[in-house]
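A.B. asks: I would like to see how this sequence folds:
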Amino acid sequence: MLDERLYTVETPEHIDVAYDVAGIGSRFLAALIDHVIIAVVLSLSCVGVSIVASSLDLGLSESLIFGLFGLGIYLSLCAYHIFFETIWNGQTPGKRIIGLRMVRVGGRPLGFAGSAVRNVIRLADFLPVLYGLGVMVMFIDKRSRRLGDLAAGCMAVRERKAVTLDSLSRPVAAEAPVVPTATGITIPNLQVLRRDDYDIVQEYLRRKPQLSVEARQRLGQQLVEGLQQRLGYPILIQTPRDAENFLYQIAAEYQALERIDHGPAVR
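C.D. replies: Coordinates of the predicted model:
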């Protein structure tokens, strides 16, 4: 892998999906936001507990109060992260604001079990003070993982803005794709394709250089599957490159078909 910040996974469909691994800086900002939220909630809770405890006059020793307070902080940290990472698929409010997500190595969702493991071990990461051990491990690990991440087999990745086929149907200003000129029509049933089908293929080819590897391969596969249904027969696609080559062929031969039907090529 040329870029150590990229983590590439091959899916069962033999499509390479690349993840942009989050660094220590972005993870620190996300953690800072989360800890501020937790601190505010704990402060309000402590005020309420203090009022109740003073009215009841429980007579607890200072050491016991200190111990219960520390346990409360630890349980609050664990509960906060496990709750949000489970319902938000690997994200907490801090991670969502910064644009990060926890995923398992291999690209699978983190899930409850993964979140529970990484957060229960948070106490070890905190040692000797202020996540000292965890930060040291993050500097050593090439994917900036702390002990909890290593134990859970997960890592933090950057969220990418989702690109869908629907978004491709809304053209943006970009340089027109270079489509080879077809000398003839070799794709069976090409005439059943509509102008909208051609336009979305053109828009995909136009915006392909600006898409991430993951989005480019995913959208290319979806386009081929849609064209396969429209044409009415299976299309042999073994690699992402095969899908892109087929889409270039579709664009070129559709242009050739329009030249035959209407005269000059239509852009």
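A.B. asks: how is this structure partitioned into domains?
C.D. replies: The record assigns the chain these domain ranges, following automatic domain parsing: 6-158, 165-262.
A.B. asks: contacts for stretch 137-152, please.
C.D. replies: 4, 7, 21-24, 27, 102, 104, 110, 114-115, 117-122, 124-125, 131, 133-135, 154-156 (Cβ atoms under 8 Å, 6 or more residues apart in numbering). Where you see a C-beta, it was placed from the backbone N, CA and C, and this is true even at glycine.
A.B. asks: what about it, start to end distance?
C.D. replies: 15 Å (Cα to Cα, to the nearest Å).
A.B. asks: same check, this time on stretch 204-219
C.D. replies: 8 Å.
A.B. asks: quick one: mean pLDDT for it?
C.D. replies: Averaging pLDDT along stretch 204-219 yields 83.
A.B. asks: which parts of it are buried?
C.D. replies: 204-208, 211-212, 214-219 (16 or more other Cβ atoms under 10 Å).
A.B. asks: the helices in the protein, which residues?
C.D. replies: 24-56, 62-87, 93-98, 111-120, 122-126, 132-140, 147-152, 165-168, 195-207, 213-231, 240-262 (DSSP state H).
A.B. asks: so which elements touch the longest one?
C.D. replies: When contacts are defined as 3 or more Cβ pairs under 8 Å, 6 or more residues apart in numbering; DSSP states H and E, helix 24-56 sits against helix 62-87, helix 93-98, strand 100-104, helix 132-140, strand 154-158.
A.B. asks: on contacts alone, who are the packing partners of the first one?
C.D. replies: Okay, so that is helix 62-87. Using 3+ Cβ pairs under 8 Å, 6+ apart, helix 62-87 sits against helix 24-56, helix 111-120, helix 122-126.
A.B. asks: for it, which positions count as buried?
C.D. replies: Buried-residue list, helix 62-87, by 16+ other Cβ under 10 Å: 77, 78, 80, 81, 82, 84, 85, 86.
A.B. asks: what about the last one, distance to residue 217?
C.D. replies: As defined by Cβ to Cβ, to the nearest Å, residue 86 lies at a distance of 29 Å from residue 217.
A.B. asks: for the nearest residue to residue 125 once chain neighbours are set aside, which residues are in contact?
C.D. replies: Counting by Cβ to Cβ, 6 or more residues apart in numbering, the nearest residue to residue 125 once its immediate chain neighbours are dropped is residue 134, at 3.0 Å. Counting by Cβ under 8 Å, 6+ apart, residue 134 makes contact with 122, 124, 125, 126, 146, 147, 148.
A.B. asks: what of residue 135?
C.D. replies: 24, 146.
A.B. asks: change the start of the numbering to 53 and stick with it
C.D. replies: That works, and once the first residue is 53, the last one we named lands at residue 187.
A.B. asks: any idea how far it lies from residue 154?
C.D. replies: From residue 187 over to residue 154 (counting by Cβ to Cβ), the distance is 17 Å.
A.B. asks: gap between residue 71 and residue 113?
C.D. replies: 50 Å.
A.B. asks: who has more neighbours out of the two?
C.D. replies: Per other Cβ atoms under 10 Å, whichever of residue 71 and residue 113 has more neighbours is residue 71, with 23 against 8.
A.B. asks: confirm for me that the more buried one is in contact with residue 155.
C.D. replies: Yes: counting by Cβ atoms under 8 Å, residue 71 touches residue 155, with 7.0 Å between them.
A.B. asks: common neighbours of these two, please.
C.D. replies: Common neighbours of residue 71 and residue 155 (Cβ under 8 Å, 6+ apart) are 207, 209.
A.B. asks: show me the shaky parts of this protein.
C.D. replies: 53-58, 60-70, 105, 109-112, 212-235, 312-319 (pLDDT under 70).
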